[in-house]
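Visitor: turn this into a structure:
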Amino acid sequence: MSGGSSAGLSFCREAGVPEGKMSYNEDRYFLEMMHNCIHTERTHMKKTIIRFLSAVLAASCLGMAPSVPVHAQAEDSTAIRILFTHDLHDHISSYKTMNADGSVSMIGGYAYLAGAIDANRNDNTIVVDAGDFSMGTLYNGIYETHAPDLSLLGAMGYDAVTFGNHEFDYGPESLAASLLASTDTPAVLSANIHFTEDSDSQILKQAWEKKGGAATKIVEKGGVKIGLFGVMGDESESDIAYPGSITFDDEKEAAKTAVAELQQQGAQFIVCLSHSGTNSDDSKSEDQLLAKAVDGIDVIISGHSHTTLNTPIIENGTVIVSCGCYGRNLGLLDVQVSDDSVADYKLIPITQDIQPDAAIAASIADYKQDVQSEFLDKYGIQFDDVLAHSSFSFDDVNTSYDVFGNSNIGDLISDSYVYAYQQAGGKERAIGIGAKGIIRDDIYQGDVTLSDVYNTVSLGKGNDGLIGYPLALVYLSGKELKQAAEIDCSIGRIRSDAQMYFSGMKYTYTDSRFILNHVLDVYVESEDGSWRPIDENKLYPVVCNYYMAMMLPSITALTRNLLSFTLKDADGNAVTDNSSIILHDQNGMEVKEWSGFMNYLESFDKDSSGVSMIPASYETARDTKTALGFNLLTYFHNTSKVGWIVYGILAALIAVLWLIIHLIRRQVRKHRAKKAAGPQGAL
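Guide: Residues are numbered from 1 along each chain as shown. Below you'll find the predicted structure:
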């Protein structure tokens, strides 16, 4: 809500659900979200001292050099080549992308990625990944049984990877099963993971260590000892949907310890695999803050934020690089060991012009068949089934991610929720609410396959143990729906993955009012298609994914009742059995977010060949969020609870200020009167 990151509501771009359990990290996540909203600046880190290498050189001049030198020098001509990825999100097969001219082509895929790695490897090369290598495509279906993501990285010759928040989407025990199922496993490094004595923690710890997991690792390339370690940052930790008993220690302190240990082991060059990310706001750019706080890191491979850095960031002598998500590019960085200078840096696009690796391609074909037999056959569908055709491409998720407003893909997905509810037997006019954070990929012009659909809404797992969030039906009051609009309008512009998209609901807002008091009017759609003002006391059926539904009640306590949500049934009673809100189809199976989306696309009118055609009405986003300018006459219209509290505080402050001024003026008048009376006043 990377990839959350995190959203409180499934604002989370970075969310997931464990098998058989629906417990979430909502408290940490929502507190982080609210903190980002109210406090938009973080305290800058204190400036770091001169790098330890300088101290060593100075000590050397005095004849006092330590027995194990920091960065023992290699030949001046030695350059380490780092080939790197991050945030691959299971994009094992090639996938569609839109080019600058609007055309659509296929990019990525591990067979082509492997070809690029082979073509650019030399004797001084390490290959690494900075986390979130799993979760994002239909290969999720065999995550626990075959671990195709980690196994293929090992087969491609990766030296090391680190955990991302998405590795925990299904919980620690599921991650442990995946580790044990992996073959050719690269070293999974984490210097700040913290295990407890709880069973889920110990199960993961044992699997991790059995597969060679560690805090640090040294590899030797070209005669140079390269130290590697991994860390997870604060934001990515807060985006873990189901951490169980696993926590992560402060990444800066862990990094300092890791660097010291690697230096003691003779490391001449140190690389950090960080699932923390960068930000255009330096005060929130975790990997820059890490580099400032910790001396001795030569390179940080920065994951989580899905950033593409066309030029490295240099911070405190540390080179920070990112190559974008989904295996779109392979990063290549050449660094001189002697002085950490960048000799070469480029992002290699993974296109189908690259010669694919035949062995990796064969393995992918096998894994694809495993997905079919172990997962998709349950639904009677095929991996590459064409579900629909679109005459246009939908809004690009990544390029528009930080833009607040309406979205045609958001319209399509929220409409699919309502359709799924109707297909499951729903009779009322329901409201569908989706979140930007759950939209993981795009729908492009041309044929839309099952794989495309799943990639778009690929998060979570249900109570049935099958992948994909189930959809949920809850009843909310009109007052609660207005609060949801306030969250969208206020929080959604600060944390993009918190944005919501509505089917059957729209609102107007003004930027002239303050946070959680922007919304003016909310409207709901009637059965006849007309729009009516929302009734704050009426109950409305709402369809959303299960994660969002589970997050809503936590907002009440976390905001001390400034915002209040209670999940209710059709009779207005508070829901006591959370599983009762999950939608099931006529066969009793959970209605998944992705399957509801699939069925909706197949419901459209067919062309002459029998293929469903996505209506042209979706080419332009609906105006469900309408901004209105400043109007003094309506400034206090439909003021929220937060608004009245703020106005009350302001009024009290003004009253106190007026009283102080009044008392001062009174005292001044008395003083002037006494002075004017002069000596006569004493007679």
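Visitor: residue 626 - how many residues pack around it?
Guide: Neighbour count for residue 626, taken as other Cβ atoms under 10 Å: 13. In this view, the C-beta of every residue, glycine as well, is placed from N, C-alpha and C.
Visitor: for it, give the beta-bridge partners.
Guide: Here residue 626 sits in beta bridges with residue 508, going by DSSP bridges.
Visitor: return the residues in contact with the closest residue to residue 323 other than its chain neighbours.
Guide: Leaving aside its sequence neighbours, residue 323 sits nearest to residue 331 (Cβ to Cβ, 6 or more residues apart in numbering; 3.4 Å). Applying Cβ atoms under 8 Å, 6 or more residues apart in numbering, we find residue 331 in contact with 82, 83, 84, 85, 301, 321, 322, 323, 346, 347, 348.
Visitor: same thing with residue 408?
Guide: Neighbours of residue 408 in contact, by Cβ under 8 Å, 6+ apart: 394, 395, 618, 619, 620, 621, 622.
Visitor: need these in a markdown table (columns: pLDDT).
Guide: Formatted as a markdown table, these follow (pLDDT from 0 to 100):
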| residue | pLDDT |
| --- | --- |
| 394 | 94 |
| 395 | 88 |
| 618 | 98 |
| 619 | 97 |
| 620 | 96 |
| 621 | 96 |
| 622 | 96 |
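Visitor: now restrict those to buried residues only.
Guide: Among the contacts of residue 408, the ones that count as buried by 16 or more other Cβ atoms under 10 Å are 394, 395, 618, 621, 622.
Visitor: rewinding a little: and the contacts of residue 331, which is closest to residue 572?
Guide: residue 322 (49.2 Å; Cβ to Cβ).
Visitor: in the longest helix belonging to the chain, what's buried?
Guide: Counting residues, the longest helix found in the chain (DSSP state H) is helix 641-677. Within helix 641-677, the residues that count as buried by 16+ other Cβ under 10 Å are 641, 642, 643, 646.
Visitor: go on, stretch 556-568?
Guide: Neighbour-count burial for stretch 556-568, with 16+ other Cβ under 10 Å as criterion, is recorded at 558, 559, 563, 564, 565, 566, 567, 568.
Visitor: kindly export that stretch (C-alpha atoms) in CSV.
Guide: The C-alpha trace of stretch 556-568 is given here as CSV (Å, rounded to 0.1, in the frame of the first residue of the first chain):
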residue,chain,number,x,y,z
THR,A,556,-13.2,3.1,15.6
ALA,A,557,-10.7,2.4,18.4
LEU,A,558,-7.7,3.7,16.5
THR,A,559,-9.3,7.1,15.9
ARG,A,560,-10.9,7.3,19.4
ASN,A,561,-14.4,7.4,17.8
LEU,A,562,-13.6,10.3,15.5
LEU,A,563,-14.5,7.8,12.8
SER,A,564,-16.7,4.8,13.7
PHE,A,565,-17.6,1.7,11.7
THR,A,566,-19.6,-1.3,12.8
LEU,A,567,-20.2,-4.2,10.5
LYS,A,568,-23.9,-5.1,10.5
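Visitor: any low-confidence regions in the stretch 51-200 of the chain?
Guide: 51-77 (pLDDT under 70).
Visitor: in it, which spans are helices?
Guide: Using DSSP state H, counting those that start in this stretch, the helices of the stretch 51-200 of the chain run over residues 52-61, 110-120, 148-155, 172-181, 199-210.
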